[in-house]
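Q: Got a predicted structure plus its sequence, pasted below:
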Amino acid sequence: MAGIHEVARHAGVSITTVSHVFSGKRPVAPETRVKVLQAAEALEYRPSRTARGLATGRAMTFGLHFPFAGDSFVLNPYFPALLQGLSAAAAESGYGFLLIPSSQDGDAPLDELLRARRLDGVIVADPESSDPVIPTLVGSNVPVVTTGRFVPDPNLPWVDNDHGGAIRDLFAHLDEQGYGRPALLSTRGGYSYIADTEASYTEEAERRGMPVTIRRPPDLSEEQGYRHAIRLLDRREPPDVIIACVDRQAIGVLRAADELGVRVPEDLGVAGEGDTVLAVHSRPPLTSIRVHPGELGAAAVESLLRLLEGERADNRMIPADMVARRSTRRDARTTPGRAARSRRPSADRG
């Protein structure tokens, strides 16, 4: 790869002019700028992070904050895909990442990063309402973008998935398959995607005259999904479909059904969210909501770059897709409860 000297010679300008073109610190005549950019493209020149940092006064580093730790991060396949999208988009723009520890690890590492001005901006993934990091960043005038919305501050720039729309699509699919007694496995905490999922679930169930059953385990683990599914399926009138807020919970539901001898999907439909590798390789394959974490990460980086350039970062809603698989697809000859849809309320209740 060529260096700045080769670009300067190719364009017939000084090294200082090339530096000004890429740093933006000094005005450059439009025709000269075009020559420099054309030379850089021809020679495949990319200014290094260090050089760009010196030229712009930036650290060329973004912070990345996940407001949780342990199994919630390590074992959830969603987050590696999100991280890949974030990293690729940041690297393309010459930025690196520093991981900001979760709040339970203490505030000292963040305070040190802020004092040393080592962060140009921060992306927070799935912020919880009580997380103290975001107010600290905002109070320090650090640009922040969230994936998922920060409920206490609706003005903070965000990118998010249309979880509500995907739940509506899922209910339409469940209608076709004859399910009539849904239950939702959610969790505690102030996450916007949990609130969106619960609200859409409640609206769709009530519109159909179905019972609204929501269970909120303390976390989104497979084990909690298993435990709560055991309790739900032991009821006098158990649900005939369980929707989980993440695929990991849904895998726990499948394990509970297998242990109890409940047939999936004939007796029980199971759906998750994330469309992770767990959904594809479960037995049976799991109906899930695809949320495109890579695209979400790239969009978050794009928004943060806009903020750094003094531009407005518009909030962005990325569609989520319902992917139907065997865990909710009943064979027409064995589908029970087709009459359940007759309980749907008339239009004046919708």
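A: Arrived safely, thanks for sending.

Q: Could you tell me the phi and psi values at the residue lying closest to T213 once chain neighbours are set aside?
A: Nearest non-adjacent residue to T213, counting by C-beta to C-beta, 6 or more residues apart in numbering: A183, 4.1 Å away. (Glycine included, C-beta is placed from N, CA and C.) Note on A183: its backbone torsions stand at phi -140, psi 150 [degrees, to the nearest 10].

Q: For A183, grab the count of nearby residues.
A: 25 (other C-beta atoms under 10 Å).

Q: Please apply the same query to P211.
A: P211 has 12 neighbours, counted by other C-beta under 10 Å.

Q: check contacts around the residue nearest to it when sequence neighbours are not counted.
A: Leaving aside its chain neighbours, P211 sits nearest to R181 (6.1 Å; criterion: C-beta to C-beta, 6+ apart). In this structure, R181 makes contact with 210-211, 213, 237-241, 340, judged by C-beta atoms under 8 Å, 6 or more residues apart in numbering.

Q: quick one: R181 from V34, how far?
A: When C-beta to C-beta, to the nearest Å is applied, the distance between R181 and V34 equals 66 Å.

Q: Please enumerate the strands of the stretch 251-350 of the chain.
A: Shown for the stretch 251-350 of the chain, the strands assigned by DSSP state E, counting those that start in this stretch span residues 269-274, 287-290, 316-318, 321-323.

Q: Pick the most buried one from those.
A: strand 269-274 (a mean of 29; mean count of other C-beta atoms under 10 Å).

Q: in its sheet, what does that strand sit against?
A: If you go by DSSP bridges, strand 269-274 pairs up with strand 241-244 (parallel), strand 287-290 (parallel).

Q: Can you report how many residues lie near G190?
A: Here the number of neighbours of G190 (other C-beta under 10 Å) works out to 14.

Q: With adjacent residues omitted, what lies nearest to it?
A: Using C-beta to C-beta, 6+ apart and skipping the chain neighbours, the partner closest in space to G190 is S129 (2.7 Å).

Q: Please verify my assumption that that neighbour contacts A195.
A: No - checked against C-beta atoms under 8 Å, the pair S129 and A195 is beyond contact range at 9.4 Å.

Q: So the protein: which segments form each domain?
A: In the domain annotation for the chain, the residue ranges read 4-56, 61-160+293-318, 163-291+323-349 (automatic domain parsing).

Q: Now render the ones you listed as a markdown table, adding mean pLDDT.
A: Output for the domains of the chain, formatted as a markdown table (pLDDT from 0 to 100):
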| stretch | mean pLDDT |
| --- | --- |
| domain 4-56 | 74 |
| domain 61-160+293-318 | 84 |
| domain 163-291+323-349 | 89 |
